[in-house]
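Asker: pasting a predicted model and its sequence here:
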Amino acid sequence: MSSQLSIVSVETLLVDVPTIRAHKLSVATMNHQTLVLVRITASDGIVSWGEGTTIGGLAYGEESPQSIKVNVDTYVAPLLVGEDPRAVARLMAQVNQRIQGNRFAKCAVETALYDGQAKRLGVPLSELFGGRVRESIPVAWTLASGDTRRDIAEAERMLELRRHNVFKLKIGLRSVKDDVAHVAAIKRALGDMASVRIDANQAWSVTEALEGLRMLADAGIDMAEQPIAAHDKLGLRRLTQANILPVMADEALHGPRDAFEVASTQAADIFAVKINQSGGLRGAAQVAGIAQAAGIALYGGTMLEGAVGTLASAQVFSTFHDLAWGTELFGPLLLTEEILVEPLPYRDFSLQLPTRPGLGIEIDEAKLARLCRDR
Ligand SMILES: O=C(O)C[C@H]1C=CC(=O)O1
Ligand SMILES: [Mn+2]
């Protein structure tokens, strides 16, 4: 590349933000989220952002907020500082060659590099992934207070506000029977106004799942996400082939290789595509490509990231030709603090995509400095 340009710094920030209510998953109860942000500054003055956020410390994935930070600081940043920030693919190929695993750390860094390069080119990040096929994307809400009546009231409020009409219910902490009763009560209350789905986050055995799926189908539930252990791809195939409810793979997918294995054995009907679980934006696009080639439907997943990871996801998901099951990019709405100058536009059951260059968001740096750990 012609003119001289280099990466001046790669910084990581841990930002603790309380959630609006307790968010109960089978693997963790979240009362706050720790955002892991990466800020890259280049010699042309362009400042860019990425995010590598996970859920519940080490309860959900094998990277913690602290490990993501220390591994970016110690191992990834030295590979980037002084290099040309325009060479995103080459830099990420080097990072992948030198560093095993660490998908979340890689996602954060790759996002920041793409944000910077898209800003430099003056285009939305989605242009670097082939361009958008939609300007807004549907966003589901997760009901996970643990209380049936409270969940119904929350869903009714979301419908009234026209913010969400698709609800994912987190289950797996109670018996299958009790969980199904909870889900069925919510579906009865909402009727045809909403699509109701469940996510058991690996809590069930295959036997429990077969029984659970039958009861959920009878209750009018539309889909079941990762009912059984992530590693049990044969079990997932059994559930899918049983043809009771559409089955979505989430934790089973750690990037393109898993996607290929699940797709080639027809072990899921739907893929939850997540940028962090896929090791970055390029990995997520590859997961989606494998799904589409195999006739598997797409859903845009979240690790409950804040605005940076949410917009990075939205930019990539906006390029998927078919996004039959919508997305769940509601992460920033679960948090009590806004880190953007202007909040993200959620309306008409969708997130409207920004048209500004890069991720298309402006970080409130003063606010971030106040929220940042060890400031
Ligand atoms: O899908 C997951 O397993 C993780 C996440 C997404 C929404 C939510 O509430 O938790
Ligand atoms: Mn899930």
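Answerer: Cool, got the structure. Residues are numbered from 1 along each chain as shown. Ligands and ions are numbered 1, 2, ... in the order given.

Asker: now stretch 55-71, how far from the centre of its chain.
Answerer: Put simply, stretch 55-71 sits 15 Å off its chain's centre (Cα atoms, centre = their mean, to the nearest Å).

Asker: that one vs ligand 2: in contact?
Answerer: No - remark: stretch 55-71 sits outside contact range of ligand 2, by Cβ under 5 Å from the ion, the gap being at least 9.1 Å. C-beta coordinates here come from the backbone N, C-alpha and C atoms, glycine included.

Asker: could you list the alpha-carbon positions for the strand or helix carrying residue 156 in CSV?
Answerer: Assessed by DSSP states H and E, residue 156 sits inside helix 148-160. In CSV, the C-alpha atoms belonging to helix 148-160 read as follows (Å, rounded to 0.1, in the frame of the first residue of the first chain):
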residue,chain,number,x,y,z
THR,A,148,-44.1,-15.9,34.8
ARG,A,149,-46.3,-13.0,35.6
ARG,A,150,-43.5,-10.5,35.4
ASP,A,151,-42.4,-12.0,32.1
ILE,A,152,-46.0,-11.6,30.7
ALA,A,153,-46.2,-8.0,31.9
GLU,A,154,-42.8,-7.3,30.3
ALA,A,155,-43.8,-8.9,27.0
GLU,A,156,-47.1,-6.9,26.9
ARG,A,157,-45.2,-3.7,27.5
MET,A,158,-42.8,-4.5,24.6
LEU,A,159,-45.8,-5.2,22.3
GLU,A,160,-47.5,-2.0,23.3
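
Asker: show me which residues of the stretch 101-250 of the chain sit near ligand 1.
Answerer: 142, 144, 170, 199, 201, 250 (Cβ under 6 Å from any ligand atom).

Asker: if you rank those by neighbours, which is first?
Answerer: Within these, most neighbours by other Cβ atoms under 10 Å means residue 199, with 26 neighbours.

Asker: pretty sure it sits against residue 170.
Answerer: Yes - when contacts are counted by Cβ atoms under 8 Å, residue 199 is listed as touching residue 170 (5.7 Å).

Asker: overlap in contacts, these two.
Answerer: Counting by Cβ atoms under 8 Å, 6 or more residues apart in numbering, the shared contacts of residue 199 and residue 170 are 25, 142.

Asker: between the residues of the stretch 101-250 of the chain next to ligand 1, which sits nearest residue 23?
Answerer: Nearest to residue 23 among these: residue 144, at 4.9 Å, using Cβ to Cβ.

Asker: the closest residue to the closest one other than its chain neighbours: what's it in contact with?
Answerer: Distance criterion Cβ to Cβ, 6 or more residues apart in numbering; nearest residue to residue 144, sequence neighbours excluded, is residue 170 at 3.9 Å. The contact partners of residue 170, by Cβ under 8 Å, 6+ apart, come to 23-26, 142-144, 198-199, 201.

Asker: also residue 285?
Answerer: Contacts of residue 285 (Cβ under 8 Å, 6+ apart): 129, 316, 319.

Asker: just residue 317 next, same as before
Answerer: 137, 273, 300, 323, 327, 329.

Asker: go with 10 Å
Answerer: Contacts for residue 317 (Cβ atoms under 10 Å, 6 or more residues apart in numbering) come out as 126, 129, 132, 134, 137, 273, 275, 284-285, 288, 298-301, 323, 326-327, 329, 351, 353.
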